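> need a structure here:
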Amino acid sequence: MKSSIYKWFLLILLSGAFFFHQADRALFGLLTIPIQNELELTDVQIGWINTVLSWTLGIMAFVVGPICDRCSRKWIITLSLLAWSLMTFAMGFVGDWRICELVIPAFFVVMFFRSIATGVGESFYGPCYPPLIAAYHKETRSIALSIHQGALYVGLMASGVLTAWALGALGSWRHVFMAFGGCGFALGILFIFALRDEVSPAQPANRERRTSYAAGVVYFLKTPSAWCAMAGFVAIVFANNAYLFWAPKFMAVKFGSDVGVAGTQTMLWHHLFAFAAIITGGLVSDRFVKRLPRFRLGLQIGALLVGAPCLCMIGILPSAVAMVAMTAVYGICRGLFEVNTHASLFDVIPPEYRSTSVGFFAIFAFLVGGLSGILMGWLSQRHGVRGFEIGFLAMGMAYLAGAVVMMISFFITFRRDRILE
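Sure, this is the predicted structure:
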């Protein structure tokens, strides 16, 4: 297959993987209430499960980044997809487990399969796909990355609808996990035959495979604009993590909605508008960034500044219709930021260090941003609906702080740190 055609075929394959990556991630939040009812888990325990998942993703991304700069990205991505799909399937069997004479409570079994095993599998995907897409897409980089990111929103939109349907059709949250895991595993088998690397790792001319791990870390550490970009990403992860895991339950509890309806409403409209924003943002970014090199950065800062009050209002609006409408506006802001998450980082990081930098980027984002899961769980268990409202206020403040830090790059450091390709 010609490279000009294959680069779009590659994008379709990776977008399919990312669909399951995010749909599987959303399942736990969508099914929190029936899982809690059957396994007798508290909100704080649910919060810990979500937070440990984020921590696992962050720690492993930092470890995986250098591996992706040196090994076959095809096989890392393929094995990652197979692993997390298998662990999602295994979630259908969790509960109180007896091993010999030792009884392991359901909380620890769920923690292992959902937070650790699934997290390890998913973590290998994140640092590998952006450099692989960037290698094939140069003039079309922003739109390619935005299409791939759009698969995230399609996965999250579809997960709400599909989960509500599957829960009714299959009769159990366990079967829903099995169905999603099985479909992801089938796609992984296809990847064995259809996915390929941009350059064979055996070729000695491949500079990316010969750079040292320390060099990549040092380059990131000495680049202020990369740190500023990471601050914005921390804010995004902090808010998105809490929204993904807790918004369905918040709506169900505050407005007395059915679990399936709450999951559909909080996921569908938010991610539908985010999808529209990310596709539009990709086209606009590729058009204007040549004339305005800081355009991507400015678009992200604007998205954070507008998104901050949206998040605060989601928590306090008095009707379900108004809340859902505000989640859609928040989705637009999220999409306009995320369209350039990696493209902005790559503006200041050279190709040979990009996977390492994405890993370094992720460890702080998921370790700090992941705290929102346990924070929201603690607030909800202590203060009920009021706790959720306080949590959304904290998410808005995180957006505002991220915007302020990114302004340092926009006004001071970006011109010096920019990489010309």
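
> please, which helix or strand holds the spatially closest residue to residue 362 that is not a sequence neighbour?
Spatial nearest neighbour of residue 362, chain neighbours left out: residue 61 (3.6 Å); criterion: C-beta to C-beta, 6 or more residues apart in numbering. To be clear about C-beta, it is placed using only N, CA and C from the backbone, and glycine gets the same treatment. Assessed by DSSP states H and E, residue 61 sits inside helix 43-68.

> if you average the pLDDT over that helix, what comes out?
What helix 43-68 shows for mean pLDDT is 85.

> residue 152 belongs to a helix, doesn't it?
Yes: per DSSP: H, G, I helix; E, B strand; the rest coil, residue 152 lies within a helix segment.

> could you verify my assumption that it touches residue 23?
No: under the criterion of C-beta atoms under 8 Å, residue 152 makes no contact with residue 23, lying 9.3 Å away.

> show me what the helix or strand following the helix holding residue 61 is in contact with.
Note on helix 43-68: by DSSP H and E, the next helix or strand toward the C-terminus is helix 73-90. When contacts are defined by C-beta atoms under 8 Å, 6 or more residues apart in numbering, helix 73-90 is touched by residues 14, 17, 20-21, 24, 27, 64, 67-68, 113-114, 117-118, 120-125, 128-129, 131-132, 177-178, 180-185, 187-189, 191-192, 195-198.

> just the buried ones from those?
Among the contacts of helix 73-90, those buried by neighbour count (16 or more other C-beta atoms under 10 Å) are 14, 17, 20-21, 24, 27, 64, 67-68, 113-114, 117-118, 120-125, 128-129, 131-132, 177-178, 180-181, 183-185, 187-188, 191, 195-198.

> before we move on, the earlier item: buried stuff in the helix holding residue 61?
Neighbour-count burial for helix 43-68, with 16+ other C-beta under 10 Å as criterion, is recorded at 43, 45-62, 64-68.

> try stretch 360-380
By 16+ other C-beta under 10 Å, the buried positions in stretch 360-380 come out as 360-380.

> so of the residues you listed, which ones are in helices?
Members of the buried residues of stretch 360-380 lying in helices (criterion: DSSP state H): 360-369, 371-380.

> in helices, which of the buried ones among the contacts of helix 73-90 fall?
Secondary structure from DSSP H places 14, 17, 20-21, 24, 27, 64, 67-68, 118, 120-123, 129, 131-132, 177-178, 180-181, 183-185, 187-188, 191 of those in helices.

> for the residue nearest to residue 236 when sequence neighbours are not counted, give me its contacts.
Nearest non-adjacent residue to residue 236, counting by C-beta to C-beta, 6+ apart: residue 337, 5.9 Å away. With contact set as C-beta under 8 Å, 6+ apart, residue 337 has these partners: 232, 236, 299-300, 303-304, 307.

> residue 140: which of those residues is nearest?
Nearest to residue 140 out of the contacts of residue 337 is residue 299 (C-beta to C-beta; 17.7 Å).

> can you pull the contacts of the closest one?
Residues counted as contacts of residue 299 (C-beta under 8 Å, 6+ apart) are 281, 284-285, 336-337, 339-340.

> thinking again about what came up before, from residue 386, how far off is the residue nearest to residue 236?
Using C-beta to C-beta, to the nearest Å, residue 337 is found at 28 Å from residue 386.

> ok, residue 409 next?
Distance of residue 409 to residue 386, computed by C-beta to C-beta: 37 Å.

> and residue 127, by the same measure?
Residue 127 is 39 Å from residue 386, by C-beta to C-beta.

> what does residue 405 give?
To residue 386, residue 405 is 30 Å away according to C-beta to C-beta.

> of those two, who's got more company?
Just comparing residue 405 and residue 386: by other C-beta atoms under 10 Å the higher neighbour count belongs to residue 405, 18 against 13.

> work out for me the element that one sits within.
Going by DSSP H and E, residue 405 is in helix 385-408.

> list the buried residues in that helix.
For helix 385-408, a neighbour-count test (16+ other C-beta under 10 Å) marks 387-407 as buried.

> can you check stretch 228-237 too?
Across stretch 228-237, burial judged by 16+ other C-beta under 10 Å covers 228-237.

> now stretch 150-167
So for stretch 150-167, counting by 16+ other C-beta under 10 Å, buried means 150-160, 162-164, 166-167.

> closest to residue 103 out of the residues you listed?
For the buried residues of stretch 150-167, the residue nearest residue 103 by C-beta to C-beta is residue 167; the value is 28.6 Å.

> wait, a strand at that closest one?
No: Residue 167: not assigned to a strand; according to three-state DSSP it is helix.

> I'd say it and residue 31 touch.
Yes: using C-beta under 8 Å, residue 167 makes contact with residue 31 at a distance of 7.4 Å.

> which residues do these two both contact?
173, 176, 259.

> make a markdown table from the residues you listed and add distance to residue 345, pLDDT and neighbour count to it.
Rendered in a markdown table, the data for these read as follows (distance: C-beta to C-beta, whole Å; pLDDT from 0 to 100; neighbours: other C-beta atoms under 10 Å):
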| residue | distance to residue 345 | pLDDT | neighbour count |
| --- | --- | --- | --- |
| 173 | 37 | 90 | 24 |
| 176 | 35 | 89 | 26 |
| 259 | 37 | 80 | 21 |
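
> so the helix holding residue 61 versus helix 385-408, what angle?
30 degrees (axes from the mean of the first three to the mean of the last three C-alpha atoms, to 10 degrees).
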